[in-house]
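Enquirer: pasted the sequence and its predicted model underneath.
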Amino acid sequence: MPPLATQFSGRSALVTGHTGFKGSWLAVWLHRLGAHVSGYALAPPTDPSNFQASGVRGLLQHHYQADILDADSLDRALDETRPEIVFHLAAQPLVRESYQDPRRTFAVNVQGTVELLDAIRRAGRPCVVVAVSSDKCYENREQLWGYREIDPLGGFDPYSASKGAMEIAAAAYRRSFFPADRIAEHGVKLATARAGNVLGGGDWAKDRIVVDAVEHLQSGQAVPVRNPTSVRPWQHVLEPLSGYLALAARMLESDDPQWCEAWNFGPMSGDQATVRRLVELLVDAWGCGTWQDRSRADQPHEAGLLRLNIDKAIHRLGWRPRWTLAETVRRTAAWYRRFYVDRPSSMLEACRADIDAYENAVKS
């Protein structure tokens, strides 16, 4: 990968969704790379949250607590921060929540992306934009091989469909207003990133398997598992974030239109495992506990088999995942044990220690 510190040091970066799980980790990493980081998001979606536990607010140049659908607030944030890089992570990120509130899911994930891109269009200043989508943006046919960036978009549930629609909206803005072969004219480099299922410390979102597992393990209860046979492209949160950073770094250093495309960031094929395997690894890493099959025939539909093909990122971007699933689970369990057992005043150093370890793995 390109040397990240040399690309981001001293640059202005705006992260939407910075109070969420992935966004808070990205803000910490960008700050560690020397960037001037600002964030735009609603209040933290959970309590506790990594944003609060790690004191991310103290790392920011600007903190905008506002809705991604608020065009005036977006205009003000872009005018005040004048970002050279925008990472768009603001989203409604939960499949089950999308069944309960589909209108809000589509509004935030699709229209929210449109509002941001249109604010960037109105601002009329050069910048790099990485808009984060999801592995669930693809039309899932339960196929054995991983989805490629050129495969059809779609989605059974409102969340998945909203992510497919978000990709289409972003592509329309790129073709209509930010064409990759005319960057010298408009200055905006726009790419989208599709990541697998992320794990790591600091996630307390509802209905997430690791969140459920940790809450039950730390209280001595059996972990309830809804879909033990489902296969997902699990990865540590730092894996896709490193991909977003590598992609942004390439766009910062070059006007080559090849970077302004869609990119998959997932694990190697051997680390795409069942939910049961993930929970067993987590129980082992925790040191005690057990799990119970709580699958039900009447539960909302969720994909049973989902794999990503990451050949494009490996061969063209020079990115590849660094941590195995076992290492990912070990570090995730250690982060939560530190939070619940050691109870430090801040988890920032735990995040930084994982980032240091990951950067060393990249160098090796």
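Expert: In hand now; what should we look at?
Enquirer: can we go C-alpha only for contacts and neighbour counts from here?
Expert: Fine.
Enquirer: for stretch 222-237, C-alpha coordinates in PDB please.
Expert: Only the C-alpha atoms of stretch 222-237 are listed here, as PDB (Å, rounded to 0.1, in the frame of the first residue of the first chain):
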ATOM      1  CA  ALA A 222     -24.900 -18.500  27.000                       C
ATOM      2  CA  VAL A 223     -24.600 -16.600  23.700                       C
ATOM      3  CA  PRO A 224     -27.800 -16.700  21.600                       C
ATOM      4  CA  VAL A 225     -27.100 -17.400  17.900                       C
ATOM      5  CA  ARG A 226     -29.800 -16.700  15.300                       C
ATOM      6  CA  ASN A 227     -28.100 -18.000  12.200                       C
ATOM      7  CA  PRO A 228     -25.300 -20.400  13.100                       C
ATOM      8  CA  THR A 229     -24.800 -21.700   9.500                       C
ATOM      9  CA  SER A 230     -24.700 -18.300   7.700                       C
ATOM     10  CA  VAL A 231     -21.400 -17.500   6.100                       C
ATOM     11  CA  ARG A 232     -20.000 -13.900   6.200                       C
ATOM     12  CA  PRO A 233     -16.800 -12.200   5.100                       C
ATOM     13  CA  TRP A 234     -15.600 -11.300   8.600                       C
ATOM     14  CA  GLN A 235     -12.800  -8.900   9.100                       C
ATOM     15  CA  HIS A 236     -11.300  -6.600  11.700                       C
ATOM     16  CA  VAL A 237     -12.600  -3.000  11.400                       C
END
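Enquirer: could you give me the average pLDDT of that stretch?
Expert: Taken as a whole, stretch 222-237 has a mean pLDDT of 89.
Enquirer: go on, stretch 342-352?
Expert: Regarding stretch 342-352, the rounded mean pLDDT is 96.
Enquirer: give me the contact list for the top helix by length along the chain.
Expert: Of all the segments assigned as helix in the chain under DSSP state H, the longest by residue count is helix 158-176. Contacts to helix 158-176, defined as Cα atoms under 8 Å, 6 or more residues apart in numbering, come from residues 92-95, 98-99, 102, 105-106, 109-111, 113-114, 117, 131, 133-134, 136-138, 153-155, 180, 190, 192.
Enquirer: which among those end up buried?
Expert: 92-95, 98, 102, 105-106, 109-111, 113-114, 117, 131, 133-134, 136-138, 153-155, 180, 190, 192 (16 or more other Cα atoms under 10 Å).
Enquirer: endpoints of stretch 33-48, how far apart?
Expert: Length of stretch 33-48, first residue to last, Cα to Cα, to the nearest Å: 26 Å.
Enquirer: mind listing what N197 touches?
Expert: Residues near N197 by Cα under 8 Å, 6+ apart: 135, 232-235.
Enquirer: in strands, which of these fall?
Expert: By the criterion of DSSP state E, membership of these in strands covers 232, 234-235.
Enquirer: now the contacts of N197 as TSV including distance to A53 and neighbour count?
Expert: Putting the contacts of N197 into TSV (distance: Cα to Cα, whole Å; neighbours: other Cα atoms under 10 Å) gives the following:
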residue	distance to A53	neighbour count
D135	28	26
R232	28	24
P233	27	26
W234	24	25
Q235	22	29
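Enquirer: in the stretch 151-300 of the chain, where is pLDDT below threshold?
Expert: Per-residue confidence for the stretch 151-300 of the chain (pLDDT under 70) gives these ranges: 296-300.
Enquirer: which residues in it form strands?
Expert: Ranges of strands within the stretch 151-300 of the chain are 188-195, 197-199, 223-225, 231-232, 234-236, 262-265, 273-274, 291-293, based on DSSP state E, counting those that start in this stretch.
Enquirer: in the stretch 201-350 of the chain, which spans are helices?
Expert: Counting by DSSP state H, counting those that start in this stretch, residue ranges of the helices within the stretch 201-350 of the chain are 209-217, 238-253, 275-286, 311-312, 325-337, 348-363.
Enquirer: and those, which is most packed in?
Expert: Comparing the helices of the stretch 201-350 of the chain by mean neighbour count (mean count of other Cα atoms under 10 Å), helix 238-253 comes out on top with a mean of 23.
Enquirer: tilt between it and helix 325-337?
Expert: Orientation note: helix 238-253 sits at an angle of 100 degrees relative to helix 325-337 (axes from the mean of the first three to the mean of the last three Cα atoms, to 10 degrees).
Enquirer: pull the residues that contact helix 238-253.
Expert: Looking at helix 238-253 with Cα under 8 Å, 6+ apart, the contacting residues turn out to be 1-2, 4, 7-8, 22, 25-26, 85, 128-130, 189, 193, 195-196, 259-260, 265-266, 317, 319, 321-323, 355, 358.
Enquirer: no further queries at this time; thank you.
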